[in-house]
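Enquirer: What would the 3D arrangement of this be:
(one chain, ligands or ions: 1)
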Amino acid sequence: MNFDFTPEQEMLRETVRKFVDREIIPYIKEWDERGQFDRNVLKRLAELNLMGVCIPEKYGGMGMDYNSLAIVCEELERGDTAIRTAVSVHTGLNSLTLLQWGTEEQKQKYLVPQARGEKIGAYALTEPNAGSDVAAIQTTAVRKGDHYVLNGQKTWISLCDIADHFIVFAYTDKGKKHRGISAFIVERTFPGFSSRSIKGKLGIRAGNTGELFFDNVKVPAENLLGEEGEGFKIAMSALDNGRFTVAAGAAGLIQACLEACVKYCRERKTFGKEIGRHQLVQQMIAHMEAGLQISRLLVYRAGYLKNLGRRTTREVSLAKWIACDFANKAADDAVQIHGAYGYANEYPVERYLRNSKAPVIYEGTREIHTLLQAEYALGYRKDKPLRKTLPPWEGTGSAGTS
Ligand SMILES: Cc1cc2nc3c(=O)[nH]c(=O)nc-3n(C[C@H](O)[C@H](O)[C@H](O)COP(=O)(O)OP(=O)(O)OC[C@H]3O[C@@H](n4cnc5c(N)ncnc54)[C@H](O)[C@@H]3O)c2cc1C
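Expert: Numbers count the residues shown, from 1 in each chain. The predicted structure follows:
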(Lines give C-alpha, C1' and ligand atoms only; values in the text may rest on other atoms or scores of the structure.)
Protein backbone atom coordinates (compact mmCIF):
# COMPACT_ATOMS: atom_id res chain seq x y z
CA MET A 1 0.00 0.00 0.00
CA ASN A 2 1.16 3.49 -0.75
CA PHE A 3 -0.75 6.40 0.76
CA ASP A 4 1.30 9.19 -0.83
CA PHE A 5 -0.19 11.61 -3.29
CA THR A 6 1.71 12.00 -6.54
CA PRO A 7 3.49 15.30 -7.30
CA GLU A 8 0.76 16.02 -9.90
CA GLN A 9 -1.94 15.49 -7.28
CA GLU A 10 -0.12 17.73 -4.79
CA MET A 11 0.15 20.42 -7.46
CA LEU A 12 -3.54 20.11 -8.24
CA ARG A 13 -4.43 20.45 -4.54
CA GLU A 14 -2.27 23.58 -4.31
CA THR A 15 -3.96 25.09 -7.39
CA VAL A 16 -7.48 24.50 -6.05
CA ARG A 17 -6.53 25.66 -2.56
CA LYS A 18 -5.16 28.94 -3.92
CA PHE A 19 -8.23 29.40 -6.09
CA VAL A 20 -10.52 28.85 -3.09
CA ASP A 21 -8.51 31.21 -0.87
CA ARG A 22 -8.47 33.96 -3.49
CA GLU A 23 -11.71 33.59 -5.39
CA ILE A 24 -14.23 31.92 -3.09
CA ILE A 25 -13.54 32.59 0.58
CA PRO A 26 -13.45 36.42 0.28
CA TYR A 27 -16.86 36.50 -1.50
CA ILE A 28 -18.79 33.52 -0.21
CA LYS A 29 -20.47 35.28 2.69
CA GLU A 30 -22.01 37.78 0.29
CA TRP A 31 -23.07 35.07 -2.22
CA ASP A 32 -24.62 33.08 0.60
CA GLU A 33 -26.53 36.13 1.90
CA ARG A 34 -27.77 37.00 -1.59
CA GLY A 35 -28.81 33.38 -2.11
CA GLN A 36 -27.53 33.39 -5.65
CA PHE A 37 -25.24 31.15 -7.60
CA ASP A 38 -22.34 33.00 -9.22
CA ARG A 39 -21.96 31.51 -12.71
CA ASN A 40 -18.51 33.06 -13.05
CA VAL A 41 -17.18 30.50 -10.58
CA LEU A 42 -17.85 27.75 -13.13
CA LYS A 43 -16.16 29.82 -15.83
CA ARG A 44 -13.10 30.22 -13.64
CA LEU A 45 -13.10 26.49 -12.79
CA ALA A 46 -13.21 25.76 -16.52
CA GLU A 47 -10.27 28.09 -17.13
CA LEU A 48 -8.33 26.08 -14.57
CA ASN A 49 -9.38 22.82 -16.35
CA LEU A 50 -11.19 21.67 -13.23
CA MET A 51 -14.57 20.83 -14.79
CA GLY A 52 -13.31 17.59 -16.29
CA VAL A 53 -10.29 16.76 -14.22
CA CYS A 54 -10.66 12.95 -14.41
CA ILE A 55 -12.22 12.80 -17.88
CA PRO A 56 -9.79 11.30 -20.46
CA GLU A 57 -7.98 13.85 -22.59
CA LYS A 58 -9.54 12.43 -25.76
CA TYR A 59 -12.91 13.59 -24.39
CA GLY A 60 -11.74 17.08 -23.50
CA GLY A 61 -10.69 16.45 -19.89
CA MET A 62 -7.41 16.65 -18.01
CA GLY A 63 -6.91 12.86 -17.96
CA MET A 64 -6.04 12.78 -14.27
CA ASP A 65 -7.09 9.93 -11.98
CA TYR A 66 -10.29 9.60 -9.94
CA ASN A 67 -8.58 10.66 -6.72
CA SER A 68 -7.74 13.94 -8.42
CA LEU A 69 -11.48 14.56 -8.66
CA ALA A 70 -11.68 13.87 -4.91
CA ILE A 71 -8.88 16.36 -4.29
CA VAL A 72 -10.75 19.04 -6.27
CA CYS A 73 -13.96 18.39 -4.32
CA GLU A 74 -12.23 18.28 -0.94
CA GLU A 75 -10.52 21.61 -1.55
CA LEU A 76 -13.60 23.27 -3.06
CA GLU A 77 -15.77 22.41 -0.08
CA ARG A 78 -13.16 23.91 2.22
CA GLY A 79 -14.48 27.09 0.59
CA ASP A 80 -18.16 26.31 0.25
CA THR A 81 -20.50 23.34 -0.20
CA ALA A 82 -22.39 25.04 -3.06
CA ILE A 83 -19.34 25.19 -5.32
CA ARG A 84 -18.43 21.58 -4.59
CA THR A 85 -22.03 20.51 -5.18
CA ALA A 86 -21.86 22.07 -8.65
CA VAL A 87 -18.76 20.01 -9.52
CA SER A 88 -20.28 16.87 -7.98
CA VAL A 89 -23.32 17.20 -10.19
CA HIS A 90 -21.53 18.29 -13.35
CA THR A 91 -18.60 15.84 -13.25
CA GLY A 92 -19.64 13.15 -10.76
CA LEU A 93 -23.27 12.62 -11.67
CA ASN A 94 -23.36 13.71 -15.30
CA SER A 95 -20.01 13.62 -17.15
CA LEU A 96 -18.80 10.34 -15.64
CA THR A 97 -22.17 8.78 -16.44
CA LEU A 98 -21.75 9.83 -20.07
CA LEU A 99 -18.24 8.37 -20.00
CA GLN A 100 -19.56 5.07 -18.63
CA TRP A 101 -22.80 4.68 -20.58
CA GLY A 102 -22.70 7.07 -23.53
CA THR A 103 -22.29 6.13 -27.19
CA GLU A 104 -19.30 7.60 -29.00
CA GLU A 105 -21.63 10.17 -30.64
CA GLN A 106 -23.10 11.15 -27.25
CA LYS A 107 -19.63 11.53 -25.79
CA GLN A 108 -18.50 13.75 -28.66
CA LYS A 109 -21.64 15.86 -28.56
CA TYR A 110 -22.16 16.21 -24.80
CA LEU A 111 -19.15 14.96 -22.81
CA VAL A 112 -16.45 16.86 -24.68
CA PRO A 113 -17.94 20.37 -24.15
CA GLN A 114 -18.81 19.45 -20.55
CA ALA A 115 -15.28 18.27 -19.76
CA ARG A 116 -13.97 21.54 -21.14
CA GLY A 117 -16.50 23.43 -19.01
CA GLU A 118 -18.09 25.04 -22.08
CA LYS A 119 -21.40 23.36 -21.24
CA ILE A 120 -22.75 22.41 -17.82
CA GLY A 121 -24.36 19.08 -16.98
CA ALA A 122 -26.81 18.10 -14.23
CA TYR A 123 -28.75 15.06 -13.01
CA ALA A 124 -32.52 14.87 -12.60
CA LEU A 125 -33.88 11.90 -10.69
CA THR A 126 -35.84 13.24 -7.69
CA GLU A 127 -39.53 14.12 -8.02
CA PRO A 128 -42.08 15.60 -5.63
CA ASN A 129 -43.20 12.07 -4.63
CA ALA A 130 -39.98 10.16 -5.25
CA GLY A 131 -36.65 10.63 -3.49
CA SER A 132 -35.25 7.54 -1.78
CA ASP A 133 -37.97 5.48 -3.46
CA VAL A 134 -36.76 5.93 -7.03
CA ALA A 135 -39.32 3.56 -8.58
CA ALA A 136 -42.06 5.98 -7.47
CA ILE A 137 -41.10 8.52 -10.17
CA GLN A 138 -43.95 9.55 -12.46
CA THR A 139 -42.19 11.24 -15.36
CA THR A 140 -42.89 9.35 -18.58
CA ALA A 141 -41.22 9.06 -21.96
CA VAL A 142 -43.27 7.75 -24.87
CA ARG A 143 -41.56 6.70 -28.08
CA LYS A 144 -43.02 8.35 -31.20
CA GLY A 145 -41.06 7.50 -34.34
CA ASP A 146 -37.58 8.97 -34.15
CA HIS A 147 -38.07 10.66 -30.78
CA TYR A 148 -39.50 10.32 -27.27
CA VAL A 149 -42.04 12.68 -25.71
CA LEU A 150 -41.28 13.48 -22.06
CA ASN A 151 -43.87 14.67 -19.56
CA GLY A 152 -43.44 15.20 -15.83
CA GLN A 153 -41.68 17.15 -13.15
CA LYS A 154 -38.44 16.92 -11.18
CA THR A 155 -37.57 18.71 -7.97
CA TRP A 156 -34.53 19.52 -5.84
CA ILE A 157 -32.34 19.48 -8.95
CA SER A 158 -28.95 21.12 -8.46
CA LEU A 159 -28.01 23.64 -11.19
CA CYS A 160 -31.63 23.62 -12.41
CA ASP A 161 -31.38 27.12 -13.92
CA ILE A 162 -27.70 26.87 -14.87
CA ALA A 163 -27.12 23.53 -16.58
CA ASP A 164 -27.26 23.13 -20.36
CA HIS A 165 -27.75 19.34 -20.36
CA PHE A 166 -29.63 17.11 -17.93
CA ILE A 167 -29.63 13.35 -17.52
CA VAL A 168 -33.34 12.78 -16.91
CA PHE A 169 -34.93 9.55 -15.69
CA ALA A 170 -38.41 8.63 -16.89
CA TYR A 171 -40.62 5.60 -17.27
CA THR A 172 -40.77 4.07 -20.74
CA ASP A 173 -42.69 1.09 -19.34
CA LYS A 174 -44.35 1.68 -15.98
CA GLY A 175 -45.53 -1.96 -15.79
CA LYS A 176 -41.94 -3.19 -15.43
CA LYS A 177 -41.40 -1.12 -12.25
CA HIS A 178 -37.73 -0.03 -11.87
CA ARG A 179 -36.82 -2.12 -14.94
CA GLY A 180 -39.05 0.18 -16.97
CA ILE A 181 -37.09 3.37 -16.23
CA SER A 182 -34.89 4.85 -18.98
CA ALA A 183 -32.32 7.65 -19.01
CA PHE A 184 -32.29 10.56 -21.47
CA ILE A 185 -29.99 13.44 -22.28
CA VAL A 186 -32.22 16.51 -22.34
CA GLU A 187 -31.06 19.93 -23.48
CA ARG A 188 -32.39 23.06 -21.80
CA THR A 189 -33.23 24.47 -25.22
CA PHE A 190 -35.65 21.65 -26.11
CA PRO A 191 -39.14 23.20 -26.43
CA GLY A 192 -41.40 22.40 -23.46
CA PHE A 193 -38.56 22.42 -20.92
CA SER A 194 -38.59 24.95 -18.06
CA SER A 195 -37.01 25.37 -14.63
CA ARG A 196 -37.65 27.29 -11.42
CA SER A 197 -35.38 27.64 -8.38
CA ILE A 198 -36.38 26.80 -4.80
CA LYS A 199 -36.12 29.70 -2.34
CA GLY A 200 -35.66 29.66 1.43
CA LYS A 201 -33.13 26.82 1.70
CA LEU A 202 -31.45 26.11 5.04
CA GLY A 203 -27.99 25.88 3.46
CA ILE A 204 -26.14 25.74 0.14
CA ARG A 205 -27.68 29.16 -0.39
CA ALA A 206 -24.93 30.15 -2.79
CA GLY A 207 -26.05 27.21 -4.92
CA ASN A 208 -28.86 26.83 -7.41
CA THR A 209 -31.44 24.11 -6.69
CA GLY A 210 -34.96 23.73 -8.00
CA GLU A 211 -37.63 22.23 -10.18
CA LEU A 212 -37.71 21.10 -13.80
CA PHE A 213 -40.86 20.81 -15.88
CA PHE A 214 -41.29 18.70 -19.02
CA ASP A 215 -44.33 19.58 -21.08
CA ASN A 216 -44.37 17.36 -24.16
CA VAL A 217 -40.60 17.70 -24.55
CA LYS A 218 -39.43 16.03 -27.78
CA VAL A 219 -36.18 14.19 -27.13
CA PRO A 220 -34.40 12.64 -30.16
CA ALA A 221 -34.16 8.83 -29.91
CA GLU A 222 -30.36 9.11 -30.13
CA ASN A 223 -30.46 10.90 -26.75
CA LEU A 224 -31.55 7.71 -24.98
CA LEU A 225 -28.63 6.94 -22.65
CA GLY A 226 -27.96 3.21 -22.46
CA GLU A 227 -30.83 0.96 -23.47
CA GLU A 228 -34.54 1.26 -22.74
CA GLY A 229 -35.15 -0.03 -19.22
CA GLU A 230 -31.56 0.54 -18.09
CA GLY A 231 -32.30 3.87 -16.40
CA PHE A 232 -32.40 2.58 -12.83
CA LYS A 233 -28.97 0.95 -13.19
CA ILE A 234 -27.63 4.13 -14.81
CA ALA A 235 -29.06 6.27 -12.01
CA MET A 236 -27.46 4.08 -9.35
CA SER A 237 -24.09 3.83 -11.09
CA ALA A 238 -24.08 7.64 -11.44
CA LEU A 239 -24.51 7.83 -7.67
CA ASP A 240 -21.38 5.69 -7.21
CA ASN A 241 -19.48 8.63 -8.66
CA GLY A 242 -21.57 11.46 -7.24
CA ARG A 243 -21.39 10.09 -3.70
CA PHE A 244 -17.63 9.73 -4.03
CA THR A 245 -17.37 13.48 -4.67
CA VAL A 246 -19.82 14.29 -1.86
CA ALA A 247 -17.73 12.26 0.59
CA ALA A 248 -14.55 14.02 -0.55
CA GLY A 249 -16.26 17.37 -0.12
CA ALA A 250 -17.34 16.43 3.40
CA ALA A 251 -13.69 15.89 4.31
CA GLY A 252 -13.05 19.43 3.04
CA LEU A 253 -15.82 20.79 5.23
CA ILE A 254 -14.31 19.07 8.28
CA GLN A 255 -10.97 20.65 7.34
CA ALA A 256 -12.63 24.07 7.21
CA CYS A 257 -14.23 23.50 10.65
CA LEU A 258 -10.90 22.43 12.06
CA GLU A 259 -9.07 25.44 10.66
CA ALA A 260 -11.68 27.88 12.00
CA CYS A 261 -11.76 26.20 15.42
CA VAL A 262 -8.01 25.86 15.91
CA LYS A 263 -7.68 29.59 15.19
CA TYR A 264 -10.51 30.50 17.55
CA CYS A 265 -9.28 28.13 20.30
CA ARG A 266 -5.94 29.93 20.31
CA GLU A 267 -7.53 33.39 20.43
CA ARG A 268 -10.43 33.06 22.85
CA LYS A 269 -9.67 32.89 26.56
CA THR A 270 -11.90 31.83 29.47
CA PHE A 271 -10.93 31.19 33.09
CA GLY A 272 -7.46 32.57 32.38
CA LYS A 273 -6.51 30.24 29.52
CA GLU A 274 -7.08 29.64 25.81
CA ILE A 275 -10.29 27.64 25.35
CA GLY A 276 -8.19 25.08 23.44
CA ARG A 277 -6.68 24.15 26.81
CA HIS A 278 -10.05 22.96 28.15
CA GLN A 279 -10.37 19.19 27.77
CA LEU A 280 -14.02 19.26 26.69
CA VAL A 281 -13.11 21.62 23.85
CA GLN A 282 -10.18 19.36 23.00
CA GLN A 283 -12.62 16.46 22.76
CA MET A 284 -14.50 18.27 20.00
CA ILE A 285 -11.26 19.09 18.16
CA ALA A 286 -10.09 15.48 18.50
CA HIS A 287 -13.38 14.26 17.05
CA MET A 288 -12.97 16.60 14.07
CA GLU A 289 -9.43 15.36 13.49
CA ALA A 290 -10.55 11.74 13.68
CA GLY A 291 -13.45 12.48 11.32
CA LEU A 292 -11.13 14.11 8.82
CA GLN A 293 -8.62 11.26 8.79
CA ILE A 294 -11.26 8.50 8.67
CA SER A 295 -13.17 10.25 5.88
CA ARG A 296 -10.08 10.80 3.80
CA LEU A 297 -9.00 7.17 4.14
CA LEU A 298 -12.42 5.95 3.02
CA VAL A 299 -12.59 8.39 0.10
CA TYR A 300 -9.12 7.87 -1.28
CA ARG A 301 -9.38 4.10 -0.97
CA ALA A 302 -12.58 4.24 -3.02
CA GLY A 303 -10.76 6.41 -5.57
CA TYR A 304 -7.92 3.90 -5.70
CA LEU A 305 -10.41 1.14 -6.48
CA LYS A 306 -12.04 3.30 -9.17
CA ASN A 307 -8.62 3.83 -10.75
CA LEU A 308 -8.31 0.06 -11.07
CA GLY A 309 -11.72 -0.12 -12.70
CA ARG A 310 -13.38 -1.92 -9.78
CA ARG A 311 -16.99 -1.56 -8.69
CA THR A 312 -17.18 0.82 -5.67
CA THR A 313 -20.88 0.91 -4.74
CA ARG A 314 -20.25 -0.49 -1.26
CA GLU A 315 -17.09 1.48 -0.50
CA VAL A 316 -18.50 4.77 -1.79
CA SER A 317 -21.74 4.39 0.16
CA LEU A 318 -19.74 3.87 3.36
CA ALA A 319 -17.45 6.81 2.63
CA LYS A 320 -20.40 9.10 1.85
CA TRP A 321 -22.37 8.11 4.93
CA ILE A 322 -19.47 8.35 7.39
CA ALA A 323 -17.85 11.50 5.96
CA CYS A 324 -21.14 13.43 5.78
CA ASP A 325 -22.11 12.46 9.31
CA PHE A 326 -18.69 13.49 10.61
CA ALA A 327 -18.92 16.78 8.70
CA ASN A 328 -22.36 17.53 10.13
CA LYS A 329 -21.09 16.83 13.67
CA ALA A 330 -17.89 18.80 13.07
CA ALA A 331 -19.91 21.82 11.92
CA ASP A 332 -22.22 21.53 14.92
CA ASP A 333 -19.21 21.40 17.25
CA ALA A 334 -17.55 24.26 15.38
CA VAL A 335 -20.50 26.50 16.26
CA GLN A 336 -20.34 25.22 19.85
CA ILE A 337 -16.64 26.04 20.12
CA HIS A 338 -17.32 29.58 18.90
CA GLY A 339 -20.02 30.04 21.54
CA ALA A 340 -22.43 32.87 20.77
CA TYR A 341 -20.06 34.22 18.12
CA GLY A 342 -20.62 30.99 16.21
CA TYR A 343 -24.30 31.77 16.00
CA ALA A 344 -23.98 34.73 13.61
CA ASN A 345 -22.28 35.10 10.25
CA GLU A 346 -19.33 37.16 11.46
CA TYR A 347 -17.63 33.74 11.56
CA PRO A 348 -18.11 31.12 8.81
CA VAL A 349 -19.08 28.24 11.11
CA GLU A 350 -22.84 28.90 11.09
CA ARG A 351 -22.73 28.56 7.28
CA TYR A 352 -20.77 25.31 7.66
CA LEU A 353 -23.50 23.95 9.92
CA ARG A 354 -26.31 24.98 7.54
CA ASN A 355 -24.38 23.59 4.55
CA SER A 356 -23.48 20.31 6.23
CA LYS A 357 -27.08 19.12 6.43
CA ALA A 358 -27.96 18.69 2.74
CA PRO A 359 -25.19 16.13 2.06
CA VAL A 360 -26.65 13.98 4.85
CA ILE A 361 -29.88 13.99 2.80
CA TYR A 362 -28.89 14.05 -0.88
CA GLU A 363 -27.37 11.20 -2.91
CA GLY A 364 -28.83 8.72 -0.44
CA THR A 365 -29.92 9.76 3.03
CA ARG A 366 -28.04 8.67 6.13
CA GLU A 367 -30.76 6.06 6.70
CA ILE A 368 -30.49 4.61 3.19
CA HIS A 369 -26.70 4.24 3.52
CA THR A 370 -27.11 2.66 6.95
CA LEU A 371 -29.45 0.09 5.40
CA LEU A 372 -27.08 -0.53 2.47
CA GLN A 373 -24.15 -1.17 4.78
CA ALA A 374 -26.17 -3.52 6.96
CA GLU A 375 -27.42 -5.42 3.91
CA TYR A 376 -23.89 -5.81 2.52
CA ALA A 377 -22.60 -6.99 5.91
CA LEU A 378 -25.48 -9.43 6.35
CA GLY A 379 -25.03 -10.84 2.85
CA TYR A 380 -28.51 -9.73 1.75
CA ARG A 381 -27.09 -7.43 -0.94
CA LYS A 382 -24.66 -8.33 -3.71
CA ASP A 383 -23.73 -6.13 -6.66
CA LYS A 384 -24.54 -7.68 -10.02
CA PRO A 385 -22.17 -6.93 -12.92
CA LEU A 386 -23.18 -3.96 -15.09
CA ARG A 387 -23.31 -4.03 -18.89
CA LYS A 388 -21.01 -1.00 -18.97
CA THR A 389 -18.47 -0.14 -16.29
CA LEU A 390 -16.64 3.06 -15.42
CA PRO A 391 -13.34 2.84 -17.33
CA PRO A 392 -10.24 2.43 -15.17
CA TRP A 393 -7.78 5.30 -15.10
CA GLU A 394 -5.55 5.02 -18.15
CA GLY A 395 -2.70 7.06 -16.72
CA THR A 396 0.73 5.79 -15.96
CA GLY A 397 1.52 7.95 -12.90
CA SER A 398 3.37 6.48 -9.92
CA ALA A 399 1.26 4.36 -7.55
CA GLY A 400 0.39 6.62 -4.60
CA THR A 401 -3.28 7.18 -4.02
CA SER A 402 -3.65 6.96 -7.77
C1 LIG B 1 -29.61 20.77 -1.71
C2 LIG B 1 -30.12 19.56 -2.41
C3 LIG B 1 -29.70 19.27 -3.70
C4 LIG B 1 -30.20 18.15 -4.38
N5 LIG B 1 -29.78 17.91 -5.66
C6 LIG B 1 -30.35 16.89 -6.36
C7 LIG B 1 -30.01 16.68 -7.74
O8 LIG B 1 -29.16 17.38 -8.32
N9 LIG B 1 -30.65 15.69 -8.44
C10 LIG B 1 -31.58 14.89 -7.85
O11 LIG B 1 -32.12 14.02 -8.53
N12 LIG B 1 -31.93 15.07 -6.54
C13 LIG B 1 -31.33 16.04 -5.78
N14 LIG B 1 -31.67 16.23 -4.47
C15 LIG B 1 -32.72 15.39 -3.88
C16 LIG B 1 -32.18 14.33 -2.93
O17 LIG B 1 -31.43 13.39 -3.62
C18 LIG B 1 -33.37 13.73 -2.18
O19 LIG B 1 -33.85 14.73 -1.33
C20 LIG B 1 -32.98 12.48 -1.41
O21 LIG B 1 -32.80 11.39 -2.27
C22 LIG B 1 -34.04 12.09 -0.35
O23 LIG B 1 -35.30 12.02 -0.91
P24 LIG B 1 -36.53 12.81 -0.24
O25 LIG B 1 -36.09 14.19 0.07
O26 LIG B 1 -37.69 12.61 -1.13
O27 LIG B 1 -36.77 12.08 1.15
P28 LIG B 1 -37.63 10.73 1.36
O29 LIG B 1 -37.13 9.66 0.48
O30 LIG B 1 -39.06 11.08 1.33
O31 LIG B 1 -37.22 10.39 2.88
C32 LIG B 1 -37.76 11.07 4.01
C33 LIG B 1 -37.14 10.47 5.25
O34 LIG B 1 -37.51 9.07 5.36
C35 LIG B 1 -36.34 8.29 5.44
N36 LIG B 1 -36.55 7.04 4.69
C37 LIG B 1 -37.01 6.90 3.42
N38 LIG B 1 -37.05 5.61 3.08
C39 LIG B 1 -36.59 4.91 4.14
C40 LIG B 1 -36.36 3.52 4.43
N41 LIG B 1 -36.60 2.57 3.49
N42 LIG B 1 -35.88 3.19 5.64
C43 LIG B 1 -35.59 4.13 6.57
N44 LIG B 1 -35.77 5.45 6.37
C45 LIG B 1 -36.27 5.83 5.18
C46 LIG B 1 -35.24 9.13 4.79
O47 LIG B 1 -33.95 8.71 5.22
C48 LIG B 1 -35.62 10.51 5.28
O49 LIG B 1 -35.16 10.70 6.58
C50 LIG B 1 -31.15 17.31 -3.74
C51 LIG B 1 -31.55 17.59 -2.43
C52 LIG B 1 -31.04 18.69 -1.76
C53 LIG B 1 -31.49 18.95 -0.36
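
Enquirer: Can you report how many residues neighbour the residue in the chain that the ligand sits nearest to?
Expert: Closest approach between the chain and the ligand, counting by Cβ to the nearest ligand atom: Gly131, at 1.9 Å. C-beta here means a position set from N, CA and C on the backbone, and glycine is covered the same way. Using other Cβ atoms under 10 Å, Gly131 has 18 neighbouring residues.

Enquirer: can you tell me which residues contact it?
Expert: Counting by Cβ atoms under 8 Å, 6 or more residues apart in numbering, Gly131 makes contact with 156, 365.

Enquirer: same deal with Leu111?
Expert: 55, 59-60, 95, 98-99, 102.

Enquirer: Return the per-residue confidence for it.
Expert: Among the per-residue scores, Leu111 shows a pLDDT of 98.

Enquirer: and what of Gly400?
Expert: Looking at Gly400, its pLDDT is 43.

Enquirer: before we move on, the earlier item: ramachandran angles for the residue of the chain closest to the ligand?
Expert: Main-chain torsions, Gly131, degrees, to the nearest 10: phi -120, psi -90.

Enquirer: now the one 10 residues further on
Expert: Dihedral pair for Ala141: phi -130, psi 120, per degrees, to the nearest 10.

Enquirer: Counting neighbours, what do you get for it?
Expert: So Ala141, with other Cβ under 10 Å, has 28 neighbours.

Enquirer: residue contacts, it?
Expert: Here Ala141 is in contact with 148-150, 170-172, 182, 184, 219 (Cβ under 8 Å, 6+ apart).

Enquirer: make it 7 Å
Expert: By Cβ atoms under 7 Å, 6 or more residues apart in numbering, the contact set of Ala141 is 148, 150, 170-172, 182, 184.

Enquirer: In TSV: these, plus pLDDT, neighbour count and secondary structure.
Expert: Below are those laid out as TSV (pLDDT from 0 to 100; neighbours: other Cβ atoms under 10 Å; DSSP: H, G, I helix; E, B strand; the rest coil):
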residue	pLDDT	neighbour count	secondary structure
Tyr148	98	23	strand
Leu150	98	22	strand
Ala170	98	27	strand
Tyr171	98	22	strand
Thr172	98	19	coil
Ser182	99	24	strand
Phe184	99	25	strand
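
Enquirer: Redo the residues you listed as JSON lines? Include distance to Arg354.
Expert: Compiled in JSON lines, the contacts of Ala141 are given as follows (distance: Cβ to Cβ, whole Å):
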{"residue": "Tyr148", "distance to Arg354": "39"}
{"residue": "Leu150", "distance to Arg354": "34"}
{"residue": "Ala170", "distance to Arg354": "33"}
{"residue": "Tyr171", "distance to Arg354": "35"}
{"residue": "Thr172", "distance to Arg354": "39"}
{"residue": "Ser182", "distance to Arg354": "36"}
{"residue": "Phe184", "distance to Arg354": "34"}
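
Enquirer: Near the ligand, list only the ones from those.
Expert: Among the contacts of Ala141, not one lies near the ligand by Cβ under 6 Å from any ligand atom.

Enquirer: how about low-confidence regions in the stretch 251-400 of the chain?
Expert: 396-400 (pLDDT under 70).

Enquirer: which residues of the stretch 51-200 of the chain fall in strands?
Expert: 121-124, 140-144, 147-158, 165-171, 181-187, 193-197 (DSSP state E, counting those that start in this stretch).

Enquirer: Find the one among those with the highest mean neighbour count.
Expert: Of all these, strand 121-124 has the most neighbours on average by mean count of other Cβ atoms under 10 Å, namely a mean of 28.

Enquirer: Mind jotting down where the helices sit in the stretch 301-402 of the chain?
Expert: Per DSSP state H, counting those that start in this stretch, the stretch 301-402 of the chain carries helices over the ranges 313-337, 349-361, 366-378.

Enquirer: do you know how far His90 is from Pro56?
Expert: According to Cβ to Cβ, to the nearest Å, His90 stands 16 Å off from Pro56.

Enquirer: Which one's more surrounded, the two?
Expert: His90 (29 against 19).

Enquirer: which residues touch the more buried one?
Expert: 51, 114, 120-121.

Enquirer: cool, and Ala70?
Expert: 244-245, 248, 299-300, 303.

Enquirer: Ok, Thr139 next?
Expert: 127, 150-154, 170-171, 214.

Enquirer: So which bits of the stretch 1-150 of the chain are right by the ligand?
Expert: So the stretch 1-150 of the chain meets the ligand at 89, 123-126, 131-133 (Cβ under 6 Å from any ligand atom).

Enquirer: The same query, at a cut-off of 8 Å, please.
Expert: Selection of the stretch 1-150 of the chain residues close to the ligand by Cβ under 8 Å from any ligand atom yields 85, 89, 93, 122-126, 129-133.

Enquirer: Need the per-residue pLDDT for the closest residue to Leu225 other than its chain neighbours.
Expert: Take Leu225 and drop its neighbours on the chain: the residue closest to it by Cβ to Cβ, 6 or more residues apart in numbering is Ala183, 4.1 Å away. With respect to pLDDT, Ala183 scores 99.

Enquirer: now the one 5 residues further on
Expert: You'll see Arg188 listed with a pLDDT of 98.

Enquirer: and it, what is it in contact with?
Expert: So Arg188 contacts 163-164 (Cβ under 7 Å, 6+ apart).

Enquirer: how much space between it and Ala141?
Expert: Counting by Cβ to Cβ - Arg188 and Ala141 are separated by 17 Å.

Enquirer: next one: Val134
Expert: 15 Å.

Enquirer: Point me to the residue sitting farthest from the middle of this structure.
Expert: Gly272 (43.8 Å; Cα atoms, centre = their mean).

Enquirer: Show me what from the stretch 201-350 of the chain comes close to the ligand.
Expert: So far as Cβ under 8 Å from any ligand atom goes, the stretch 201-350 of the chain lies against the ligand at 201, 203-204, 207, 209.
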